[in-house]
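K.L.:
take this sequence and fold it.
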Amino acid sequence: MHDDAKENLNNLVGKPPSESQVEMTELVLPNDTNLLGNLLGGRLMHWIDIAGAMAASRHSGRIVATVALDNLDFRHPARMGELVILKAKLTWVGRTSMEVGVNVYAENIKSGKTILTNKAYITFVALDEEGKPTPVPPLLPETEEEKFNFQQGELRRQERLRRKCMEESASRGN
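P.N.:
The predicted structure follows:
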């Protein structure tokens, strides 16, 4: 067996979600806010995408591309001067794709109060050196919460595929 094939097999050893999770912190600056002093939704989506991609890259050992943003709940605004803490963790893995859940918290530096502001699920695909989808290691959920998240991730995947099939059918005029 040639060395590249051996390396690829070794990379496909399963990993728990804890091995690739990412925590990223950003300070909300004036340039990140709207006229009310609240964090811009687009800036937050950018940070969520970065945190999710880092977790997916850690898991796969590959460069990843964003495929879908399934869900993004805006529960509470983050304000200028607050810290935004993004916690990204793999929730589901297929053959070449990975779903990452990202929880976003706003922390008021003065009071120390932290609140969950957003939750998102993003799907990434791992890419090889030629930019083609490539297999990723399986996900090995350890906790009951991780096992539940994996089941929910599979349901979200099925819903994504159903929507895609319906959209393709509609675009063909069927």
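K.L.:
how about Met54, secondary structure?
P.N.:
helix (DSSP: H, G, I helix; E, B strand; the rest coil).
K.L.:
that one: neighbouring residues, count only.
P.N.:
Look at Met54: counted by other C-beta atoms under 10 Å, it has 19 neighbours. (Each C-beta comes from the backbone N, C-alpha and C, glycine too.)
K.L.:
isn't it right up against Ala88?
P.N.:
Yes. Using C-beta atoms under 8 Å, Met54 makes contact with Ala88 at a distance of 6.7 Å.
K.L.:
joint contacts of these two?
P.N.:
22, 24 (C-beta atoms under 8 Å, 6 or more residues apart in numbering).
K.L.:
got a list of what Thr134 touches?
P.N.:
Thr134 makes contact with 62, 96, 126-128, according to C-beta under 8 Å, 6+ apart.
K.L.:
from those residues, which would you call buried?
P.N.:
Among those, those buried by neighbour count (16 or more other C-beta atoms under 10 Å) are 62, 96, 126-127.
K.L.:
closest one of these to Leu35?
P.N.:
Lowest distance from Leu35 to the buried ones among the contacts of Thr134 (C-beta to C-beta) belongs to Leu127, with 39.1 Å.
K.L.:
quick check: closest non-adjacent residue to the closest one.
P.N.:
The spatially closest residue to Leu127, leaving aside those adjacent along the chain, is Ile63, at 5.2 Å (C-beta to C-beta, 6 or more residues apart in numbering).
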